[in-house]
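J.: Mind folding the following:
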Amino acid sequence: MTRYPQENIKPYNTEESKAKQVEEMFDNIAPSYDNLNHLLSLGIDKSWRKKAIHCLKPFHPQRMMDVATGTGDFAIQACRTLQPQALIGIDISEGMMNVGREKVKAAGLDKQVSFAKEDCTCLSFPDNSFDAITVAFGIRNFEDLDKGLKEMYRVLVPGGHLVILELSEPESFPMKQLYAIYSKMVIPTLGKLLSKDRSAYTYLPQSIKAFPQGEVMQGIIRKAGFSQVQFRRLTLGICTLYFATK
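T.: Modelled structure (predicted):
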């Protein structure tokens with residue numbers, strides 16, 4: 001069984017499993033997550049989500065799942081743009097999804113968007129359940145990347161699409177050097193001040209650094225069974241968009 005470096009990086013460095021610690025971390029930071037997330041990305045995360053959703057526009061998916069949905073930002077944006085019949089957001093953190101449920105209700109989308117607590121490495125849905133699956137900024141938190149990808153492959157219909165957005169490390173000067181300073185100093189400091197959980201925002205840059213990127217991640221997605229796997233780097237490499245077909 002392949003182990004990837006980020007699977008060994010945990011928020012609190014205790015004996016508990018990564019999944020349990022990630023659940024605890026997101027429950028802790030749920031109240032401040034949205035504001036801090038937009039602040040740390042300088043609001044650019046909204047344009048990244050638009051680009052990811054745009055990939056699915058030609059296919060008009062009707063049954064969608066948003067994995068690691070968190071507070072539902074991506075689910076809400078996807079529902080407004082793509083107008084599927086139903087979109088379910090899944091996550092291991094009830095704290096994050098409770099924030100998402102309130103946002104969905106306020107947006108008047110609670111007839112289309114629902115939430116469920118699920119383990120992404122062992123989904124409860126039958127084979128061939130969804131036309132499209134999205135994962136925005138959550139796949140590096142998977143305890144078992146291969147299992148998670150295989151489960152998403154299983155529940156997609158043949159010809160269905162997977163869209164992944166994930167933070168990544170820039171490779172070129174000067175963005176590489178600027179990002180290194182930002183991730184080591186600014187992210188943990190702001191995280192501690194605004195979320196009261198420094199560990200969460202120390203874990204964030206560490207997990208990004210350890211996560212497989214570009215061609216390596218492309219190969220891992222292919223290994224799970226997906227075909228036509230493409231990727232492109234956004235905003236000088238701070239984020240990477242992956243698009244794959246079952």
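
J.: Tell me where the model's unsure across the protein.
T.: Scanning the chain for pLDDT under 70 picks out 1.

J.: Residue 137 against residue 164, yeah?
T.: No. Shown here, residue 137 and residue 164 do not form a contact pair, counting by CB atoms under 8 Å, at 9.4 Å. Using the backbone N, CA and C atoms, a C-beta is placed for each residue, glycine as well.

J.: For the strand ranked longest in the chain, buried residues please.
T.: Criterion DSSP state E: the longest strand present in the chain is strand 156-167. Of the residues in strand 156-167, 156, 160-167 count as buried by neighbour count, 16 or more other CB atoms under 10 Å.

J.: can you check stretch 236-246 too?
T.: Across stretch 236-246, burial judged by 16+ other CB under 10 Å covers 237-244, 246.

J.: Is it possible to get a markdown table of those residues that adds distance to residue 51 and secondary structure?
T.: What follows is the buried residues of stretch 236-246, written out as a markdown table (distance: CB to CB, whole Å; DSSP: H, G, I helix; E, B strand; the rest coil):
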| residue | distance to residue 51 | secondary structure |
| --- | --- | --- |
| 237 | 14 | helix |
| 238 | 13 | coil |
| 239 | 9 | strand |
| 240 | 11 | strand |
| 241 | 6 | strand |
| 242 | 12 | strand |
| 243 | 10 | strand |
| 244 | 16 | strand |
| 246 | 21 | coil |
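
J.: Reformat those residues as a markdown table; add distance to residue 75.
T.: Shown next, in a markdown table, are those (distance: CB to CB, whole Å):
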| residue | distance to residue 75 |
| --- | --- |
| 237 | 26 |
| 238 | 22 |
| 239 | 18 |
| 240 | 21 |
| 241 | 17 |
| 242 | 18 |
| 243 | 18 |
| 244 | 20 |
| 246 | 21 |
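
J.: closest to residue 214 among those?
T.: residue 240 (6.6 Å; CB to CB).

J.: For the nearest residue to that closest one once chain neighbours are set aside, grab the count of nearby residues.
T.: In space, and not counting its chain neighbours, residue 240 is closest to residue 168: 4.5 Å by CB to CB, 6 or more residues apart in numbering. Residues contacting residue 168 under the criterion other CB atoms under 10 Å number 24.

J.: Residue 168 touches residue 236, doesn't it?
T.: No. Using CB under 8 Å, residue 168 makes no contact with residue 236, being 10.4 Å away.

J.: Please enumerate the strands of the protein.
T.: Counting by DSSP E, the segments of the chain that form strands are 63-67, 86-91, 113-117, 130-136, 156-167, 227-234, 239-245.

J.: can I get those in TSV with distance to residue 73?
T.: As requested, the strands of the chain are exported to TSV (distance: least, CB to CB, whole Å):
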stretch	distance to residue 73
strand 63-67	9
strand 86-91	10
strand 113-117	12
strand 130-136	8
strand 156-167	11
strand 227-234	16
strand 239-245	14
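
J.: Cool, thanks, talk later.
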